[in-house]
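> My questions concern the predicted model and sequence given below.
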Amino acid sequence: MKLLSRGKDSLTGDHLIELVPLDQPHDNDHAHPWHSPEGLLDRAYKHFWYNVCVVAPTLLAAIFFLFMAAERYETEVRFVVKSPNSSASTQLTSLVADTGIVRSNEDAYIVHAFLQSRDAVRRLVEDEDLAKKLSQPALDFVWGFPGLFGGESQEHLWRHFEKFISIDFDSSTGITILNIQAFRPEDSKAIAESLIRNSEQLVNSISKRAQAATLAGATSAVENSRERARKSLDDITAFRKRTALVDPLSYSKAALETITTLSVEIAQVRAELAQLATSSPNSPQAQSLRLKIDALAHQITEERAALAGSDSSLAPLIAEYERLSLEREFAERTFASAMTALEIARIDAERQQLYLDLISVPIVPDHAQYPYRLLNILLVFLGSSMAYSILRGVIGDTLSHAGN
């Protein structure tokens, strides 16, 4: 192989080109064969950047993934969050507008947010001693807690735990796939079971709060209407004690009947008096008939005065009693409507009950899922080689342009 060497004649100023054979052996090559230690050092020096950029990272990756990286076991859980069918309502609920919460996949998203929250990690620390379970491998400084540069605070533990949990959600079926990793198979199962147990508690708490909010307004309306009906009944009782009348309307009807009877009787006496005046004008019975007519007329006047003659008559009492009766009737109808609304609210609250149904339960894995040792080493080698090739090309082009 030949190499072109450019130069310039000092006398003529012409450009000269010299072919230098690269295959020609040098004195150093004879002095240090390639298989000798000195030859190996020379070759290492010539390939210094390749060793730095490719060989060293690959060697470090091999050391880490083959001897230091801890095995990680993964437990999978599948579940779905659902509520009773809201369309299965009775005719009673169709009388009023639906006040229930329309539920969709948003309930599952709430559970997902909890699973990745600080509160979930706090409960895992209390129930499963999470920090201890994640700090089992002594040499794995990447996955073991607290890691090479991490702290031991709760915040660092939460951020570190994010690498051990993954959630996949199928919005078309509503199925959530929860994957939990740990360094021991029984730990991954225990952590998954604890998360599912705490998620069920969260779902039950959400359901109870929703049911309480739905029933709160209806229950308050029932209590208010019951109190109003009780007050109206107490007012009527107080009125009866004060007036000594159980029912002024019935008393007024009796008074009107008395007035009617007296009017009929006075008409009959007047007819007798007219007939007596025709047949016997000077009869002494005529005077007694006139006195009877006056007495009947006076009694009628008193009866009418008792009904509506003054403020102390029966008319104001009748008006007050009718107002109290109307208030009682309205309060009773309001109470009945409130009880109906409460029953509707109870039916609607039952439809707001959420359930977390497990499709597949956590089990103890029987083999380590991670890490992919050979694959990771190969990826490091390929990545380093690509980086070295790019860097070599860039440097070569830069030196070529600088030489020109």
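Thanks, I have the structure now.
> Report pLDDT for residue 142.
At residue 142, the model reports a pLDDT of 85.
> go on, residue 311?
Reading off the model, residue 311 has pLDDT 58.
> next one: residue 259
74.
> Let's verify it: helix, strand, or coil?
Of the three states, residue 259 takes helix under DSSP: H, G, I helix; E, B strand; the rest coil.
> Quick check: it vs residue 268, distance?
15 Å (Cβ to Cβ, to the nearest Å). Bear in mind the C-beta positions are built from the backbone N, C-alpha and C, glycine included.
> Comparing those two, which residue is more hemmed in?
residue 259 (18 against 11; other Cβ atoms under 10 Å).
> Find the residue closest to that one in space, skipping its chain neighbours.
Spatial nearest neighbour of residue 259, chain neighbours left out: residue 303 (4.8 Å); criterion: Cβ to Cβ, 6 or more residues apart in numbering.
> Residue 75: what secondary structure?
Residue 75 ends up strand, using three-state DSSP.
> if I look at it, how far off is residue 176?
Taking Cβ to Cβ, one finds residue 75 at 14 Å from residue 176.
> Quick check, pLDDT for the closest residue to residue 193 other than its chain neighbours.
Excluding the flanking residues, the one nearest residue 193 by Cβ to Cβ, 6+ apart is residue 362, at 5.2 Å. Model confidence at residue 362, given as pLDDT, is 93.
> and what of residue 217?
pLDDT, residue 217: 85.
> Can you give me the neighbour number for residue 252?
20.
> Quick check: what element follows the helix or strand harbouring it along the chain?
Residue 252 is part of helix 248-279, with elements assigned from DSSP states H and E. Next along the chain after helix 248-279, taking DSSP H and E as the criterion, comes helix 285-308.
> sorry, back to before: buried residues in the helix holding residue 252?
Neighbour-count burial for helix 248-279, with 16 or more other Cβ atoms under 10 Å as criterion, is recorded at 248, 251-252, 259, 262, 266, 269-270, 273.
> what's the answer for stretch 220-236, then?
Buried-residue list, stretch 220-236, by 16+ other Cβ under 10 Å: 221-222, 225, 228-229, 232, 236.
> Tabulate the residues you listed in TSV, adding columns for distance to residue 152, pLDDT and secondary structure.
Converted to TSV, those look like this (distance: Cβ to Cβ, whole Å; pLDDT from 0 to 100; DSSP: H, G, I helix; E, B strand; the rest coil):
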residue	distance to residue 152	pLDDT	secondary structure
221	54	89	helix
222	55	91	helix
225	59	91	helix
228	62	91	helix
229	64	90	helix
232	68	90	helix
236	74	88	helix
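> For the residue nearest to residue 259, give its distance to residue 296.
11 Å.
> same question, residue 205
Counting by Cβ to Cβ - residue 205 and residue 296 are separated by 81 Å.
> Who has more neighbours out of the two?
residue 296 (20 against 11).
> Low-confidence regions, the stretch 101-250 of the chain specifically.
101-104, 138 (pLDDT under 70).
> can you give me the strands for it?
165-170, 175-182 (DSSP state E, counting those that start in this stretch).
> swap in the stretch 301-404 of the chain?
Secondary structure of the stretch 301-404 of the chain (DSSP E, counting those that start in this stretch): strands at 355-360.
> I'd like the strands of the stretch 101-250 of the chain as CSV, with mean neighbour count appended.
What follows is these, written out as CSV (neighbours: other Cβ atoms under 10 Å):
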stretch, mean neighbour count
strand 165-170, 14
strand 175-182, 21
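> Export these as CSV, with columns for distance to residue 132.
Output for the strands of the stretch 101-250 of the chain, formatted as CSV (distance: least, Cβ to Cβ, whole Å):
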stretch, distance to residue 132
strand 165-170, 17
strand 175-182, 11
